[in-house]
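Trainee: next input, structure requested:
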Amino acid sequence: MNALEQQLNYPLGETLPEAGQPLEVARGLYWIRMPLPFALDHINLWLMRDEIDGQAGWTIIDCGIADTTIKANWEHVFEQYLEGLPVLRVIVTHFHPDHVGLSDWICTGGDKQRWDVRLWMSLGEYMTARTLSMGDVSGSSAGGEAAARHFMLHGLQDEDAIAQIRARTDYYSKLVPKVPDAYRRLREGDTVAIGGRDWRIITGFGHSSEHCALYNAQDGVLISGDMVLPRISTNISVFDVEPEANPLAWFLESLERYAPLPTDTLVLPSHGKPFRGLQTRLGQLRDHHAARLDEVREACAAKPCSAADILPLMFKRKLDTHQMTFAMGEALAHLHLLWHAGEVRRLRGEDGIIRFAPRG
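Mentor: Numbering: from 1, shown residues only. Next comes the predicted model:
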């Protein structure tokens, strides 16, 4: 546990649920932890007792990627832990594969097609997921020719990495083979009644197109998705589909929507462990990005910098290609905040690479 983590309170200590075995973390709310085949090796999913139109059952929040191990774990949950009751709906926080990947499979009842229920998402997240799952990888950060050109424009010159990015044309659709054909829209400020309790939707931007977190004031519980994580900072990237975007500014603005929540709120994140100390963590995230922005300012003052030039300042460890695409996107997000704020200007070099330098 690092120094910042030690400033937070983890009410369950080191306890983690076994794969496919829900662990109750609040009244009628269960934590399910599924493995992921990435450096970020797990995702937290949530199962809640519910009742809709007089029918008792369950609501699932987030799904995991399309993967045989995760499917087997879900099948175990369906058979052993639902008390013979059906899933009534599936809520997905955002379009990233580890959250939406199995949404269609779960909505239609898994391998045995036990039920047929509605997916709930925001418009921005649903439409992005639908588009990418049908084979258009633009904007997924995963790969394809557009992504390769985007990263080359911002200084990536590693030929092996570029070739790998070009080749990853079906990355998203493999992890998200299908998204349900219909959905129910979630919007900022909506209230969703789950199990007799009201959950307010808090949308967030910067990490994804229209991320939905859920907050229950009665029990003081926040299902934060990827917007507030305890151990790592949420990835904020500029991708090829929106190449002039300012996602870091949007993310920092979105954090202010959590400012009114009590600091002892139980935060249920998508990665890491449930924790208390929300306002402490928000302060840590603001400080983290302020420090990175200072590093970027200093680097650009010394010489015009591309995103690839900024990469080693922000990420000291060795990165594989998957991690590098997110790191490039995040370096560019910090440069773009300064560019949109008027602190730096963009320069196109004779080599075709975009670099940033102080104004004046």
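
Trainee: ok, and what's touching the longest strand anywhere in the chain?
Mentor: With residue count as the measure and DSSP state E as the assignment, the chain has strand 42-52 as its longest strand. The set of residues external to strand 42-52 that reach it, using Cβ atoms under 8 Å, 6 or more residues apart in numbering, is 22, 28-36, 56-64, 77, 81, 88-89, 98-99, 194-196, 223, 268-272. Where you see a C-beta, it was placed from the backbone N, CA and C, and this is true even at glycine.

Trainee: so for it, what gets flagged as buried?
Mentor: 42-51 (16 or more other Cβ atoms under 10 Å).

Trainee: next helix or strand past it?
Mentor: The helix or strand immediately downstream of strand 42-52 is strand 55-61, counting by DSSP states H and E.

Trainee: in this protein, what spans have low per-residue confidence?
Mentor: Per-residue confidence for the chain (pLDDT under 70) gives these ranges: 1, 136-142.

Trainee: can you tell me the centre-most residue of it?
Mentor: Within the chain, the residue whose C-alpha comes closest to the C-alpha centroid is Asp226; the distance, by Cα atoms, centre = their mean, is 4.1 Å.

Trainee: can you pull out the helices in the stretch 251-360 of the chain?
Mentor: Using DSSP state H, counting those that start in this stretch, the helices found in the stretch 251-360 of the chain span residues 278-302, 307-314, 321-340.

Trainee: nearest to Thr169, out of those helices?
Mentor: The closest of the helices of the stretch 251-360 of the chain to Thr169 is helix 321-340. By Cβ to Cβ, the value is 13.7 Å.

Trainee: circling back: nearest to Gly144, of the buried residues of strand 42-52?
Mentor: Ile43 (24.3 Å).

Trainee: what sits closest to that closest one if chain neighbours are left out?
Mentor: Spatial nearest neighbour of Ile43, excluding adjacent residues (Cβ to Cβ, 6 or more residues apart in numbering): Asp98 at 4.6 Å.

Trainee: thinking again about what came up before, want to throw the helices of the stretch 251-360 of the chain into JSON lines with distance to Arg348?
Mentor: As requested, those are exported to JSON lines (distance: least, Cβ to Cβ, whole Å):
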{"stretch": "helix 278-302", "distance to Arg348": "15"}
{"stretch": "helix 307-314", "distance to Arg348": "14"}
{"stretch": "helix 321-340", "distance to Arg348": "13"}
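
Trainee: quick check: which of those is nearest to Ser208?
Mentor: Ser208 sits nearest to helix 321-340 of all those, at 12.2 Å, using Cβ to Cβ.

Trainee: quick one: residues contacting the residue nearest to Ile43.
Mentor: With contacts taken as Cβ under 8 Å, 6+ apart, Asp98 has the following neighbours: 36, 43, 62, 64-65, 175, 270.

Trainee: picking up where we left off before, take the contacts of strand 42-52 and keep only those in strands.
Mentor: Filtering these for membership in strands, criterion DSSP E, returns 29-35, 56-61, 88-89, 194, 223, 268-269.

Trainee: of those, buried ones?
Mentor: Looks like these have 29-34, 57-61, 88-89, 194, 223, 268-269 buried, using 16+ other Cβ under 10 Å.

Trainee: tabulate the contacts of Asp98 (CSV), appending distance to His207.
Mentor: Output for these, formatted as CSV (distance: Cβ to Cβ, whole Å):
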residue, distance to His207
Leu36, 17
Ile43, 14
Asp62, 14
Gly64, 18
Ile65, 17
Leu175, 17
Ser270, 10
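
Trainee: widest-spaced pair of these?
Mentor: So, the contacts of Asp98 by Cβ to Cβ: farthest apart are Leu175 and Ser270, at 15.3 Å.

Trainee: more neighbours: the two, which one.
Mentor: Counting neighbours by other Cβ atoms under 10 Å for Leu175 and for Ser270 shows that Ser270 has the greater number, 26 against 23.

Trainee: show me the contacts for the more buried one.
Mentor: Contact analysis of Ser270 by Cβ under 8 Å, 6+ apart lists 43-44, 62, 93, 98-99, 224-226, 229.

Trainee: just the residues you listed now: which is nearest Asp190?
Mentor: Top of the list for closeness to Asp190, among the contacts of Ser270 and by Cβ to Cβ, is Thr93 at 13.5 Å.

Trainee: pretty sure that closest one sits against Ile60.
Mentor: No. Contact between Thr93 and Ile60 fails when scored by Cβ atoms under 8 Å: they sit 11.6 Å apart.
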